[in-house]
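1. Just the structure for this:
(2 chains)
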Amino acid sequence: MDNSSNNKLDPQLVELIEQAPKAIKPQQDLWQGIEKQLDKTDFQQLNLKSNRPQHWRRLAIACMLLLTTLLANNMWQSHLRSTTDPGLLLTLADIRKQHLQQVEQLSLQQHVNWQGTRLGDPLEKGIEQLRQAAEQLYHALQQSPHDKELWQLWLWTHAKEIELLQQGQSLPTTPPSQGALI
Amino acid sequence: MTATKQVLELSQLQEPELINSAKQGDKHAFKQLYQLHHQRVYALCLRLTGQVSLAEEATQDCFVRLWQKLPQFRGESQFSTWLHTLTVNQALSSVKKQRSFWARFVSNDIDINQITDEYEDLDKILLKLPERARIVFVLHALEGYKHEEIASLMAISAGTSKAQYHRAQKLLQQLMSQHSLNKVKISPADNGGQHG
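-> As a prediction, the model looks like this:
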């Protein structure tokens, strides 16, 4: 017993602790209950050796199930990729091709040579930035063709580029006081 | 050889011999060990669990566990010390199984006067303490465990153990004064002189 801490106790409490009996008789006989459980324990111990391999078997089965689930999941994911990705990638390439054709047609229909003028400079820079962004987005979409936000952003860059090219067409040859807005 | 004669011979065996026989699966020897130690085990279980029914269950579980673990006893420490450690672990495990959320914080609502006279004064008031405070007090003040050891057994910090010990101390002092007041109220004259 830790006497130092008991010394700080109330003397009456110390007396009670010292008088406390080390043994107390239970109100009822507990042996019978113990004996029954001993018999059960003996039976369990006899079966323990034969049960031990079963325990490992269960663990092995659980591991196999887990492994199978993981493999199936992995295969399903790759199957999904292989079935959906080529279609999406083709659509992606088609849209890009159509956009490039549209841009080319616009340049062929060009009546005003606005490029290289003071008013056309900001438009040109904006178009260049949009093209760079569209190219980066195109590569990102090739990696993850299911990303809806990337798709929206990519299509927006296309639409904005066409819009700027059309704005360039309407630029006056002699510059007024206001500039073009990007 | 008659059964009575066998029992008589077994009762004359010394504890190490009883342990060895019980290790070999001799239930008569194990019963002798039970008879030698069960009151000490029960006292510890009662103080740690704070309930008679739970103490009885914990005592039984202790001896079943002892039967299972006895082959592991190498005699490197005293058997009583080994059994004591086993009892503390078993009793704490029983408490944990039975523990309700509120029991950890709220003291047992037991009327001291209703507790039978077979318990000594300290055991009467110990049953009134909240679970954690009671366990810490029993282990530290009665069983001599250090706060660090209690902390490890109960998965709490040593600081918490100390705090619970001081809480138990204060509560016990309050209960003692309440108890002595009750004793004064129930004087031998009022009680027909039969109260012990």
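
2. those helices in chain B, which residues are they?
-> B:3-11, B:15-23, B:27-49, B:52-69, B:79-98, B:121-126, B:131-137, B:147-154, B:158-185 (DSSP state H).

3. The third one - contacts with which helices or strands?
-> Judged by 3 or more C-beta pairs under 8 Å, 6 or more residues apart in numbering or on different chains; DSSP states H and E, the packing partners of helix B:27-49 are helix A:31-108, helix B:3-11, helix B:15-23, helix B:52-69, helix B:79-98, helix B:121-126, helix B:131-137. Glycine gets a C-beta too; all of them are placed from N, C-alpha and C.

4. Using PDB, list the CA coordinates for that helix.
-> Presented in PDB, the C-alpha positions along helix B:27-49 are these (Å, rounded to 0.1, in the frame of the first residue of the first chain):
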ATOM      1  CA  LYS B  27     -10.800 -30.500 -10.500                       C
ATOM      2  CA  HIS B  28     -10.700 -31.600  -6.900                       C
ATOM      3  CA  ALA B  29      -7.400 -29.900  -6.400                       C
ATOM      4  CA  PHE B  30      -8.800 -26.800  -8.200                       C
ATOM      5  CA  LYS B  31     -11.700 -26.800  -5.900                       C
ATOM      6  CA  GLN B  32      -9.300 -26.800  -3.000                       C
ATOM      7  CA  LEU B  33      -7.600 -23.800  -4.500                       C
ATOM      8  CA  TYR B  34     -11.000 -22.100  -4.900                       C
ATOM      9  CA  GLN B  35     -11.800 -22.700  -1.300                       C
ATOM     10  CA  LEU B  36      -8.500 -21.300  -0.200                       C
ATOM     11  CA  HIS B  37      -8.800 -18.100  -2.300                       C
ATOM     12  CA  HIS B  38     -12.400 -17.400  -3.200                       C
ATOM     13  CA  GLN B  39     -13.200 -15.100  -0.300                       C
ATOM     14  CA  ARG B  40     -10.200 -12.900  -1.100                       C
ATOM     15  CA  VAL B  41     -11.100 -12.800  -4.800                       C
ATOM     16  CA  TYR B  42     -14.800 -12.100  -4.000                       C
ATOM     17  CA  ALA B  43     -13.800  -9.200  -1.700                       C
ATOM     18  CA  LEU B  44     -11.800  -7.600  -4.400                       C
ATOM     19  CA  CYS B  45     -14.500  -8.200  -7.000                       C
ATOM     20  CA  LEU B  46     -17.200  -6.700  -4.800                       C
ATOM     21  CA  ARG B  47     -15.200  -3.600  -4.100                       C
ATOM     22  CA  LEU B  48     -14.200  -3.100  -7.700                       C
ATOM     23  CA  THR B  49     -17.600  -3.900  -9.200                       C
END
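
5. which parts of that helix are buried?
-> Burial within helix B:27-49, assessed by neighbour count using 16 or more other C-beta atoms under 10 Å in any protein chain shown, is assigned to B:27-34, B:37-49.

6. Domain map for chain B?
-> In terms of domains, chain B is parsed into B:14-98, B:100-185 (source: automatic domain parsing).

7. which one of these is the most hemmed in?
-> Among the domains of chain B, domain B:14-98 has the highest mean neighbour count (mean count of other C-beta atoms under 10 Å in any protein chain shown), at a mean of 18.

8. Which residue comes closest to the spatially most central residue of chain B once chain neighbours are left out?
-> For chain B, the residue nearest the mean C-alpha position is B:Leu44 (1.4 Å; C-alpha atoms, centre = their mean). With sequence-adjacent residues excluded and distances taken as C-beta to C-beta, 6 or more residues apart in numbering or on different chains, B:Leu44 is closest to B:Thr87, at 5.1 Å.

9. can I assume the one you found is in contact with B:Leu46?
-> No: checked against C-beta atoms under 8 Å, the pair B:Thr87 and B:Leu46 is beyond contact range at 11.1 Å.

10. And A:Gln27, its phi and psi?
-> Per-residue torsions, A:Gln27: phi -70, psi -20 (degrees, to the nearest 10).

11. Leaving out chain neighbours, which residue sits closest to it?
-> Nearest residue to A:Gln27 in three dimensions, chain neighbours excluded: B:Val52, at 6.4 Å (C-beta to C-beta, 6+ apart).

12. quick revisit: possible to save the helices of chain B as JSON lines with distance to A:His158?
-> Output for the helices of chain B, formatted as JSON lines (distance: least, C-beta to C-beta, whole Å):
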{"stretch": "helix B:3-11", "distance to A:His158": "97"}
{"stretch": "helix B:15-23", "distance to A:His158": "86"}
{"stretch": "helix B:27-49", "distance to A:His158": "76"}
{"stretch": "helix B:52-69", "distance to A:His158": "76"}
{"stretch": "helix B:79-98", "distance to A:His158": "66"}
{"stretch": "helix B:121-126", "distance to A:His158": "82"}
{"stretch": "helix B:131-137", "distance to A:His158": "69"}
{"stretch": "helix B:147-154", "distance to A:His158": "68"}
{"stretch": "helix B:158-185", "distance to A:His158": "66"}
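
13. residue ranges with poor pLDDT in chain B?
-> The model of chain B has pLDDT under 70 over residues B:1-13, B:99-120, B:179-196.

14. A:His158: neighbouring residues, count only.
-> As a burial measure, A:His158 scores 20 neighbours (other C-beta atoms under 10 Å in any protein chain shown).

15. Equivalent analysis for the one 4 residues further on, please.
-> Neighbouring residues of A:Ile162 were enumerated by other C-beta under 10 Å; the total is 16.
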